[in-house]
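1. The following comprises the amino acid sequence and a computationally predicted model.
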Amino acid sequence: MNKSIRGVAIFVGVMFLALLVNATAGYWIRTDDLVNDPRNTRVRDEEFGGPRGPILAANTPIVQSVETGSTPYAYQREYLDGPLYAPVTGYYSYIYGRSGLEQQFNAELTGTADSQFTQRVVDTLAGRSPVGGQLLTTIQPKVQQAAWDALGGQEGGAIAIDYETGAILAWVSTPSFDVSQLAGLDFPATQTAWEGFTADGSTVMNDRATQEINAPGSTFKLVVAAAALANGYTPDSVIDTPSALPLPQSTHELTNLAACGNTTKTLDQALTLSCNTSFANVGMALGQDTIAAQAEAFGFGSSLGDGFSSAASVFPTGMSDAELAMASIGQFDVATTPLQMAMVAGAIANGGTVMEPYIVQEIRGSNESVVNSHDPTVLNQAMTQANAATLAEMMTHVVESGTGTGAQISGMTVGGKTGTAETSVGGGDHSWFAGYIAEKHVAVAVYLANEASTTATPIARAMMDAAS
């Protein structure tokens, strides 16, 4: 009997020990995840009215917490230009939780991150109430505003990056929504605003700059041109360029939108004029595996970003020759974000080096001391320096005398590529521009869902002109 009791006691003891170990490990390992989970209502109630830290652009708050003078919520989130910065900051709502930087850096903004432990101890010893940390973004307000103004409420997205570091200088999606309407203490009004933002047919909460992928049209010819240069082509390589190209195993023909003639064009001329039949022939000659490898080298197929995540751009596989021909001009099932196309243009201008895009430059404590600072990170070498320099020069020809003359800026070296992508039958065409301005080491990409009174090119020009 005693032996049986001892066995049961040992078993129960082991189980209690396992329970204690599990609870302790769960406390240490899962604390941050549990605290920052927006579904944790106890923590939500405690922190919603707390002194959450500001989000800054050029050391000026674009989001801050202000005192309400009432209970139970002593502070309220204030978005100083909510629609302009919505895709960057995200929202912080009592009912609908968090998104964007408000979610990604919630621990830092509430001052509960491990990196802020020392500051919490100092505040406690000094008798001060804990205050959230600060986020300094990489956004340049002048570039952000220029993109917003130039888009003019049209459905589209725009990105600007410092291609030497990967810092995002502008991140705009239009039409947008007023984030402040989700942060208020009038919860019925918050619900009404949310219902309007998410109603059928409403796209104001869509992020077209980093989260939506669309056919890139002729901007994708940059990827094909990079693959061509890596596989024996030169700018002077002569390419068969008929006015109409019968697609293999198909009854359809591919034509040129530009005046490319009905003879041949060099690779340089084909890019300058954006000749579809030239690049369809180059793409079929290279093969889909070669183009896919080049696209992947630029970042296709991966979610990109430090401090945020973007939709992965797509280059299809298993294509027929006819489908490959269309994919080579950025049609068929090729789909990408403006962020990805800005990275392609930026990598070309940066000697072939692809930098990881990021949005937060510094995390600061409540006393404005720097807790963490971002170091630029190389993602990949997508091209040799020689080939990148060659393609960058070819892109300047597009702006000097080709389809991208609207991007010219006096006294500056600007390279780029325009694009028009067909949508469904009866729909409008997507308009694109991807390019760079060398003297400012800035790359941009602009997408317009419908080509109307304007195209993407002057929007890109305005952004590059505004960059410092």
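-> Received it, and whenever you're ready, just let me know what you need.

2. Now do the residue lying closest to Glu323 once chain neighbours are set aside against Tyr447, distance only.
-> Spatially, and ignoring its direct neighbours in sequence, Glu323 is nearest to Phe332 (5.0 Å; C-beta to C-beta, 6 or more residues apart in numbering). (C-beta placed from N, C-alpha, C; glycine too.) The spacing between Phe332 and Tyr447, counted by C-beta to C-beta, to the nearest Å, is 18 Å.

3. Of those two, which one has the most company?
-> Tyr447 (33 against 18; other C-beta atoms under 10 Å).

4. What strand or helix carries that one?
-> According to DSSP states H and E, Tyr447 maps onto strand 442-448.

5. Give me the helices and strands touching that strand, please.
-> helix 141-151, strand 156-162, helix 338-349, strand 430-437, helix 456-466 (3 or more C-beta pairs under 8 Å, 6 or more residues apart in numbering; DSSP states H and E).

6. Could you list every helix and strand in contact with the first one?
-> Under the contact criterion of 3+ C-beta pairs under 8 Å, 6+ apart, the helices and strands touching helix 141-151 comprise helix 82-89, strand 156-162, strand 168-174, strand 442-448, helix 456-466.

7. Next, format the ones you listed as a markdown table and append mean pLDDT.
-> Converted to a markdown table, those look like this (pLDDT from 0 to 100):
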| stretch | mean pLDDT |
| --- | --- |
| helix 82-89 | 97 |
| strand 156-162 | 98 |
| strand 168-174 | 98 |
| strand 442-448 | 98 |
| helix 456-466 | 98 |
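
8. For Ala226, find the nearest of those.
-> strand 442-448 (14.5 Å; C-beta to C-beta).

9. Return the distance of the closest one from the chain's centre.
-> 11 Å (C-alpha atoms, centre = their mean, to the nearest Å).

10. mind checking which helix or strand of this protein has the lowest mean pLDDT?
-> helix 117-125 (a mean of 60; mean pLDDT, DSSP states H and E).

11. Give the next helix or strand downstream of that helix.
-> Downstream of helix 117-125, the first helix or strand assigned by DSSP H and E is strand 134-137.

12. OK, contacts around the residue nearest the centre of the chain?
-> What sits nearest the mean C-alpha location of the chain, by C-alpha atoms, centre = their mean, is Thr210, with 3.4 Å. Contact partners of Thr210, counting by C-beta atoms under 8 Å, 6 or more residues apart in numbering, are 87, 157, 159, 171, 305, 308, 310-311, 337-339.

13. now Thr457
-> 404, 406-407, 416, 418, 433, 446.

14. hey, which of the helices and strands packed on helix 141-151 is tucked in deepest?
-> Ranked by mean neighbour count, the helices and strands packed on helix 141-151 are led by strand 442-448 with a mean of 31 (mean count of other C-beta atoms under 10 Å).

15. Taking strand 430-437 as reference, get the angle to it.
-> 170 degrees (axes from the mean of the first three to the mean of the last three C-alpha atoms, to 10 degrees).

16. Can you tell me the element the nearest residue to Leu286 once chain neighbours are set aside falls in?
-> Setting aside the residues directly before and after it, Leu286 is nearest to Ala227 in space (C-beta to C-beta, 6+ apart), at 5.5 Å. Using DSSP H and E, Ala227 sits in helix 221-229.

17. ok, and for that helix, which residues are buried?
-> By neighbour count on 16 or more other C-beta atoms under 10 Å, the buried set for helix 221-229 is 221-229.

18. Kindly indicate which of those residues lies nearest Met15.
-> For the buried residues of helix 221-229, the nearest to Met15 is Val223 (58.8 Å; C-beta to C-beta).

19. Please tell me I have it right and the closest one contacts Gly299.
-> No - taking C-beta atoms under 8 Å as the definition, Val223 is not a contact partner of Gly299, at 10.5 Å.

20. Spit out the residues that contact those two alike.
-> With C-beta under 8 Å, 6+ apart, Val223 and Gly299 have common neighbours Val344.

21. that older thread, okay, the angle between the strand holding Tyr447 and strand 168-174?
-> 10 degrees.

22. quick one: strands adjacent to strand 442-448?
-> strand 156-162 (antiparallel), strand 430-437 (antiparallel) (DSSP bridges).

23. Which one, of those, ends up nearest to Ala199?
-> strand 156-162 (20.7 Å).

24. Low-confidence stretches in the stretch 351-468 of the chain?
-> The stretch 351-468 of the chain contains residues with pLDDT under 70 at 423-428, 451-453.
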